[in-house]
Every structure is written in structure tokens, then in C-alpha cells.
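here is my input, please return the structure:
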Amino acid sequence: MSTFGSHGVYCCMGMNVARTLLSAQKKLRVLQLGAIVGIVLLASGRSSACSSLSFEWGNARAMAALHEKFSTAIFEGTPQAVTLHWDFMDAKEGDLLSDDNMLPYILITFKVEKTYKGELGPEVQIRTGLGGGDCGSQFSSGITYLVFAYGPNMRQLTVSRSSSSEWIGDSRVQAYLRFLRKQRPTAKDLVEPKRWDDKGWKKQEEERHRDWEESEKRFAAVTGQICGKVTAKNIWPRSNGTISFLSTMGYSPVQHPTATVQADGSFCSGHLGPGQYYLYFRSQTDDQVTSALYYPGVSGKAQAVPIQVMAGQTTSNVYFNTPAQETFSIFGSISVQSGMQFDPSICSVVLASIDGSPNPRLFPWETQIEKPSFFFPIYHFRFEHVIPGRYIPYITCRTMRRSGWFTKKTEVDVTTRMKFISLALVQKK
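Next comes the predicted model:
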């Protein structure tokens, strides 16, 4: 059982560290920063979606000192497993579900290569978010990272995009490693960044770009790619087709490598860490999914064939056959607990995939709830063109008044032309 509880990881983790850093600003004189909070927000010199704030930041040596001071644990490690934890998926049939508290998170198991701070064993679990807005960090198989982890103790460590945990071959991470290993700094390690309006800023920006290009070349040497072609006959809009590359060690359902399928059906991944990957093809129109298949053209992961990625190599000639998929309809009714104030105009029913899509909650299968009528005197809903698979339907409402409302968990296996399901909406006091 996880020691982290049931709440998700949010950017406030980075902001909590930021507030700690701000409180220590008067004591720290190693940097001349506009705001010391920049350590967790802009250490890379790139803007972050985790915060709308922007700050100046210091030289790499001093930034490494701040990371070292405020991190709970620092280590070099290679990810071994990525596990999704979601009460929504783990609940039993009949349990009460609420979209207010269904906060998923990810646990990443690292093999520890070298420890710089903290008492760590040969393996450690780090918690992070899913990405896509919650600042979750992304780690690839077969790649070694320098990880700055935060938490109250060694059993409750977290990491986010703002904590500068990156591949050890990155030029900035190399500067951090020189500090942690007590090695002599290079001249670049001690260069203070220019202000945006300084004359020397453009020259520094050009140097950073060259460093980035060199880092990309080094990263390409330790990663690989998958390229191929999707074959189909007028059953999906080619401009909307995407391929997801899903590591067999686990992956975030929200943030994982993807590639767009070109008009001729060709596709090519970005840099992938060494390891095996499932390929998942998905296409859709504005209102429905038209195809959702795993390579080489099957509907379930159990029948999928993973593809091996080798460092410095491109796996080509991957032909992904996408046969036409039959779709089905789902009809349903909603019973509402007596005395509840229920407004169906602000609510909808969502079908969350259990074993089909790599991203269970981001499905277009969401439908409005229809009010009772003379011929149908209960709340009801319907889904059309549903891809075969197993789903969990639940009710979600766009208002804070939704708090305290629960849907009894039920599962539906879409394998026949029409399914009828019943949902119960109850309220806990």
C-alpha cells in the first residue's frame, strides 16, 4: 500500500518549496536574484506552465547549491517502473465515486545509481502528477536522471517539472553534478545570466542555443526512434490520426510520447528511451472516435506486440494495419436520491475506458443528461458510436455544488450492438 494517501500531486509542491526559499532569501547571499523562488520555476531558463510568474535566476553553480540545500533527497537513478494509482479505477463494483476526489497520481520506481543526499536503498519510489497541467514529471526507460526530490521524509518523496530533475547528460545538469561531486567548476558554471535588456543577453542566448543543440545530439545517441506507416482504407480522417508510444514499464495516461500520422499514413516518434513500447493508434472526427487500436491492429493491449527501441537506432518499416471497427450504442437511466437538488443542465455522463485507451478520462464519449419527459419519466442519456471495450460510466457536474454527490460504480462491457445501464446518484451527509 502507498504511504502517500489519496491526494494528487499539484504544482503547489513547487510553490511550497518556493515559499521556503523566499523565507530564506535574507540569509542566502550566494546569488543576486530578483526572487529566489526562481530555483523551482525557471532553473532551466525556459518558461514553465507550472507557474505564471517569471523571475531572474543565477549561475548554474549557485543554483545547484540552492537545490542541494532545499531538496530532501538527491540521487542519480534510472526508472524501472511507472505505476498509475487511481481510486476511481481501483474501486469495487457498487462503491461510491465522486469526480471531486478522484485525483490520480503516479509512482515511479528508480534504481538508485548514486546518492548525493538522503539515506536511500538500491531502489526508491517517487511520486509525481500525470502531467498536462499538474506539473507531473516525465521519465523515460533506459535513461539515467539526476533527481531532486522533496518531501517530509524518505518514504514520501515527490518530484515535479519545476524541480529540475533531468537527464544527466544535459549541459546544465552536468554543472549541477560538478557541484555535487565537489569538482572544480567551469567558467560557464559561474556565468551570471544577463538581464533581458542588457547588451550581452543576445550573445548568452546564442551560447545557450548551442549548448542545447549539443545536448540534443548527445541525447539522440542514448535514445532511439520508431518510424512506420499506418495502412487503412478510407475509415479514418488521416489528419486527425495520432500514435502513442507507451513504454511497457508503465506510462502516464496524460503525458506520454505521441506523433501525428501524416496524410500519407507515415509517422515517426521523437526520442524514446531504450526499452519496449506498445504503439496505440487513435483517430476521431469532431464527435466520435473512428479507430482505436494497438499495434499491429488489435483492440486490446493483451494482444498487442511491443516494439524494441535501441540506443542510437531507428526502428523503421513498422506497418500498422487499422481495420474498420464496429461501434455500438449505450442507453442509460439515472436514479436520483430523494430530496436531492439535481440540475441535469450542468451535468453530463462520461465513459472512462478501463482497458482500451491509454488515457481513460480524455475520451470524447461524454454526453448530456436529458430531463424526464412524458414518455420517459426519468433522467436518461445515450452514447452512440462507442468503440468495443470495458468502461466505467460516471456523472460529473460543472459546479462546486457537486461536492458530496456520488455515483455508484458500475462497469459496462461494450461487445454487442446495444447496452442499457442504470446509474444511481446519491449524496453523503
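
C-alpha only now, for contacts and for neighbours.
Noted.

got any ranges where the stretch 251-400 of the chain has weak pLDDT?
286-288, 355-366, 372-377, 398-400 (pLDDT under 70).

strands of that one, start to end?
Ranges of strands in the stretch 251-400 of the chain, per DSSP state E, counting those that start in this stretch, are 258-260, 266-268, 275-284, 289-294, 307-309, 314-321, 328-336, 347-353, 366-368, 379-386, 389-397.

chain center to the first one: distance?
Looking back up the chat, that one is strand 258-260. The chain centre lies 15 Å from the centre of strand 258-260; the measure is Cα atoms, centre = their mean, to the nearest Å.

quick one: Tyr277 and Thr248 touch, right?
Yes - here Tyr277 lies in contact with Thr248, judged by Cα atoms under 8 Å, at a distance of 5.5 Å.

so what sits against both of those two?
Pro306 (Cα atoms under 8 Å, 6 or more residues apart in numbering).

looking at these two, which is more packed in?
A direct count of neighbours by other Cα atoms under 10 Å for Tyr277 and Thr248 places Tyr277 higher, at 24 against 15.

from Phe245, how far out is that one?
6 Å (Cα to Cα, to the nearest Å).

now distance to Glu68 too, for the strands of the stretch 251-400 of the chain, in JSON lines please.
Formatted as JSON lines, the strands of the stretch 251-400 of the chain follow (distance: least, Cα to Cα, whole Å):
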{"stretch": "strand 258-260", "distance to Glu68": "34"}
{"stretch": "strand 266-268", "distance to Glu68": "38"}
{"stretch": "strand 275-284", "distance to Glu68": "31"}
{"stretch": "strand 289-294", "distance to Glu68": "43"}
{"stretch": "strand 307-309", "distance to Glu68": "34"}
{"stretch": "strand 314-321", "distance to Glu68": "37"}
{"stretch": "strand 328-336", "distance to Glu68": "54"}
{"stretch": "strand 347-353", "distance to Glu68": "41"}
{"stretch": "strand 366-368", "distance to Glu68": "46"}
{"stretch": "strand 379-386", "distance to Glu68": "51"}
{"stretch": "strand 389-397", "distance to Glu68": "43"}
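
right, and these - which one's nearest Lys301?
strand 289-294 (6.5 Å; Cα to Cα).

thinking again about what came up before, which of the strands of the stretch 251-400 of the chain sits closest to Lys92?
Using Cα to Cα, the strands of the stretch 251-400 of the chain put strand 389-397 closest to Lys92, at 11.2 Å.

from the rest of the structure, what touches that closest one?
So strand 389-397 is contacted by 97-99, 299, 346-356, 402, 407, 409-415, 423, 425 (Cα under 8 Å, 6+ apart).

at 6 Å instead, please
Residues outside strand 389-397 that contact it (Cα atoms under 6 Å, 6 or more residues apart in numbering): 346-354, 411-414.

how about stretch 147-154?
Ser71, Thr72, Ala73, Ile74, Phe75, Leu157, Thr158, Val159, Ser165.

just put those in TSV and tack on pLDDT.
TSV is the format used below for the contacts of stretch 147-154 (pLDDT from 0 to 100):
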residue	pLDDT
Ser71	93
Thr72	95
Ala73	96
Ile74	96
Phe75	97
Leu157	94
Thr158	92
Val159	91
Ser165	81
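
can you put these in a markdown table and add distance to Gly265 and neighbour count?
What follows is the contacts of stretch 147-154, written out as a markdown table (distance: Cα to Cα, whole Å; neighbours: other Cα atoms under 10 Å):
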| residue | distance to Gly265 | neighbour count |
| --- | --- | --- |
| Ser71 | 46 | 19 |
| Thr72 | 47 | 20 |
| Ala73 | 46 | 22 |
| Ile74 | 44 | 22 |
| Phe75 | 42 | 23 |
| Leu157 | 43 | 21 |
| Thr158 | 40 | 28 |
| Val159 | 37 | 27 |
| Ser165 | 36 | 21 |
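
all strands for the stretch 51-200 of the chain, in order.
So, for the stretch 51-200 of the chain - with DSSP E, counting those that start in this stretch - the strands run 73-85, 96-97, 105-117, 123-128, 145-149, 157-158, 166-167.

show the subsequent helix or strand relative to the biggest helix by length in the chain.
With DSSP state H setting the assignment, residue counts place helix 201-222 as the longest helix in the chain. Next helix or strand after helix 201-222 toward the C-terminus (DSSP states H and E): strand 225-231.

residues in contact with the helix or strand that that next one is followed by?
Using DSSP H and E, the helix or strand that follows strand 225-231 in sequence is strand 242-247. Here strand 242-247 makes contact (Cα under 6 Å, 6+ apart) with Pro257, Thr258, Ala259, Thr260, Val261, Gln276, Tyr277, Tyr278, Leu279, Tyr280, Phe281, Arg282.

who does strand 242-247 pair up with?
Paired neighbours of strand 242-247 in the sheet (DSSP bridges): strand 258-260 (antiparallel), strand 275-284 (antiparallel).

among those, which is nearest Thr223?
Nearest of the strands paired with strand 242-247 (Cα to Cα): strand 275-284, 9.4 Å.

and the closest one, C-alpha only, in PDB?
Extracted in PDB, the C-alpha atoms of strand 275-284 (Å, rounded to 0.1, in the frame of the first residue of the first chain):
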ATOM      1  CA  GLY A 275      13.200  -0.400 -24.000                       C
ATOM      2  CA  GLN A 276       9.900  -1.800 -25.400                       C
ATOM      3  CA  TYR A 277       6.900   0.200 -26.400                       C
ATOM      4  CA  TYR A 278       3.300  -0.500 -27.300                       C
ATOM      5  CA  LEU A 279       2.000   1.600 -30.300                       C
ATOM      6  CA  TYR A 280      -1.600   2.800 -29.900                       C
ATOM      7  CA  PHE A 281      -3.300   4.400 -32.900                       C
ATOM      8  CA  ARG A 282      -6.300   6.700 -32.500                       C
ATOM      9  CA  SER A 283      -8.300   8.800 -34.900                       C
ATOM     10  CA  GLN A 284     -11.500  10.700 -34.500                       C
END
